[in-house]
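Novice: sequence-free structure coming up:
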């Protein structure tokens, strides 16, 4: 088999393993909850369920089967992409997730674009320039150390309550997306800017930069056209980390701005111990995470021919 | 949240040596002050739960230097008394994760091929989705509360520690002094405790200090979501969650708890980085 195909097969196998592990963890979590699962399911609807109601729930969720049988049934349903029904919302988990995916994706995508652009701009402007670099480093350190929900609250206080530039709540229109994206993007931009600048400074020290300079290329052209491409590789490696930060950040930022979305749903599900929903989000994010990492692996080859040659 | 040893809060601006040393001293002093507040809050303030509706939602003023909250409680007193639950989640979970991660990593490095593979694949699975989701899953199982938030963040951070410890243990195991100890016929338990563990612990302690920042932010996030310490505990993240609802009345209410979190995270990171620099034999910074 060609090395690339071999590598892909191996990665896909690992992905399947990770998904199985995530699903098993979620299932184990569900079973580890102290107390009668039927009562917990009923707890979301009514606190003092009658024995009849509990019996009905046991039938509906197959809780009478031995745990092993339940586990196999659970995995079988997952294979058919059937995530089960939400205890609290009384609807299929897949439709709940499908509905909420859109707002979360637009928030995460907006924040990712904003974060990367900010980071590249900062790095291009400050690489190899000691004075501005020192200022930029302090700012980056501050942005990295600040919890994004605090950034969100401060932005709300300043731009929504004081200046009234942006709506306070809700998710209608592009204006409502600006502050959440900024809150989510700033800590990410801090890290990315540091890594990009380091890469740029390394690249600017290399002979090819000198060659381009001696041919009369302007400093800005060398930075943007030649060095940036070399700085891109470590930044690409961080994309998986960025995705994790975005997923984690949406959970909090959606709460700050009272937005619809997956983060909002998962927090409500955790509070109400709505396991099918929690399981669904966990498995989905493990899948996204693995697929993105495979995609990145392929992208390395495109960005850096040396990786391609080494793999061939 | 970030896995230990990767980026995240662990990066720091490089400054000139004099400025850097002053910064490290300042950070260490601030962190010590926060720890002191956590141990003995009564030294700094009184009555975090003292309600005074007549003075609700005021800005900084005489008698209440940081203002009052929606029930007229003194914000400064609540911040001081909030140091304990906040640090408990941040520092406590880091310590537990360090311990669990060390055992896990040592087992993976020294427990033979099969055990090692199983331990590291488990870490792969746990690290394959964002740590906050892992923590949320744990809270979903155990329910909200201070102890459970600590456990949740412990579970989220431990696999990262396990990876680092395993790598370090493998390096140490391959070193000449360990081979010498084996050749001298020492028992495996003695080699593990006397020769391998101490050389794995120092880098681990530094890593843990740097990770306190990550854990603090994670803990504050959980409390902000209402899943950590429960009211009326004056935890900083929970204070921010309440302040969020009174932003139009008093924006300073949201200012101080967030500043407390950020400054504590910064000081822990600066101290951790300085320790690391010293351990690695570089100048601070």
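Specialist: Now that the structure is in, tell me what you want to look at. All values reported here derive from a predicted model rather than from experimental measurement.

Novice: drop to CA atoms for contacts and neighbour counts, all remaining ones
Specialist: Fine.

Novice: Now do stretch B:224-232: distance to the chain's middle.
Specialist: 17 Å (C-alpha atoms, centre = their mean, to the nearest Å).

Novice: ditto for stretch B:60-78
Specialist: On C-alpha atoms, centre = their mean, the centre of stretch B:60-78 falls 27 Å from that of its chain.

Novice: neighbouring contacts of that stretch?
Specialist: Contact partners of stretch B:60-78, identified using C-alpha atoms under 8 Å, 6 or more residues apart in numbering or on different chains, comprise B:44-59, B:234, B:243, B:246, B:252-253, B:256.

Novice: What's the mean pLDDT across it?
Specialist: Averaged across stretch B:60-78, pLDDT comes to 85.

Novice: Between the two ends of that stretch, how far is it?
Specialist: 14 Å (C-alpha to C-alpha, to the nearest Å).

Novice: Which SSE is immediately downstream of the longest helix seen in chain B?
Specialist: Counting by DSSP state H, the longest helix found in chain B is helix B:75-110. Once the chain leaves helix B:75-110, the next helix or strand it forms, by DSSP states H and E, is helix B:113-126.

Novice: Pull the number of nearby residues for residue A:298.
Specialist: Residue A:298 is flanked by 16 other residues according to other C-alpha atoms under 10 Å in any protein chain shown.

Novice: quick revisit: just the contacts of stretch B:60-78: which are in helices?
Specialist: Per DSSP H, the subset of the contacts of stretch B:60-78 in helices is B:243, B:252-253, B:256.

Novice: out of these, which touch chain A?
Specialist: Among the ones in helices among the contacts of stretch B:60-78, no residue is within reach of chain A (C-alpha under 8 Å from any C-alpha of the partner chain).

Novice: Going by neighbour count, which of those residues comes out on top?
Specialist: Of those, with other C-alpha under 10 Å as the count, residue B:253 tops at 26 neighbours.

Novice: Name the nearest residue to it, sequence neighbours excluded.
Specialist: residue B:243 (5.6 Å; C-alpha to C-alpha, 6 or more residues apart in numbering or on different chains).

Novice: contacting residues for that neighbour?
Specialist: Applying C-alpha under 8 Å, 6+ apart, the residues contacting residue B:243 are B:69, B:251, B:253-254.

Novice: how about 10 Å then?
Specialist: For residue B:243, the contacting residues are A:153, B:57, B:69-70, B:237, B:249-255, B:257, by C-alpha atoms under 10 Å, 6 or more residues apart in numbering or on different chains.

Novice: Which among those count as buried?
Specialist: A:153, B:57, B:69-70, B:237, B:250-255, B:257 (16 or more other C-alpha atoms under 10 Å in any protein chain shown).

Novice: so what secondary structure elements neighbour the helix or strand where residue A:19 lies?
Specialist: In the assignment (DSSP H and E), residue A:19 maps to helix A:3-32. Applying 3 or more C-alpha pairs under 10 Å, 6 or more residues apart in numbering or on different chains; DSSP states H and E, we find helix A:3-32 packed against helix A:67-79, helix A:275-303, helix A:305-311, helix B:113-126, helix B:131-142.

Novice: Can you point out the buried residues in the host helix or strand of residue B:219?
Specialist: Per DSSP H and E: residue B:219 is located in helix B:197-224. Buried residues in helix B:197-224, counted by 16+ other C-alpha under 10 Å: B:197, B:200-201, B:203-224.

Novice: if we look at chain A, which of the residues you listed are close to it?
Specialist: B:213-214, B:216-218, B:220-222, B:224 (C-alpha under 10 Å from any C-alpha of the partner chain).

Novice: For the stretch 151-285 of chain B, what lies in contact range of chain A?
Specialist: Where the stretch 151-285 of chain B comes near chain A, counting by C-alpha under 10 Å from any C-alpha, the residues are B:213-214, B:216-218, B:220-222, B:224-227, B:237, B:240-241, B:243-252, B:254-255, B:257-259, B:261-267, B:269.

Novice: in chain A, which helix has the most residues?
Specialist: helix A:93-126.

Novice: following it, which helix or strand shows up next?
Specialist: helix A:130-145.

Novice: name the helices or strands packed onto the following helix or strand past that next one?
Specialist: Following helix A:130-145 in sequence order, the next helix or strand is helix A:148-155 (DSSP H and E). Packed against helix A:148-155, as judged by 3+ C-alpha pairs under 10 Å, 6+ apart, are the following elements: helix A:175-204, helix A:239-256, helix B:197-224, helix B:236-244, helix B:252-279.
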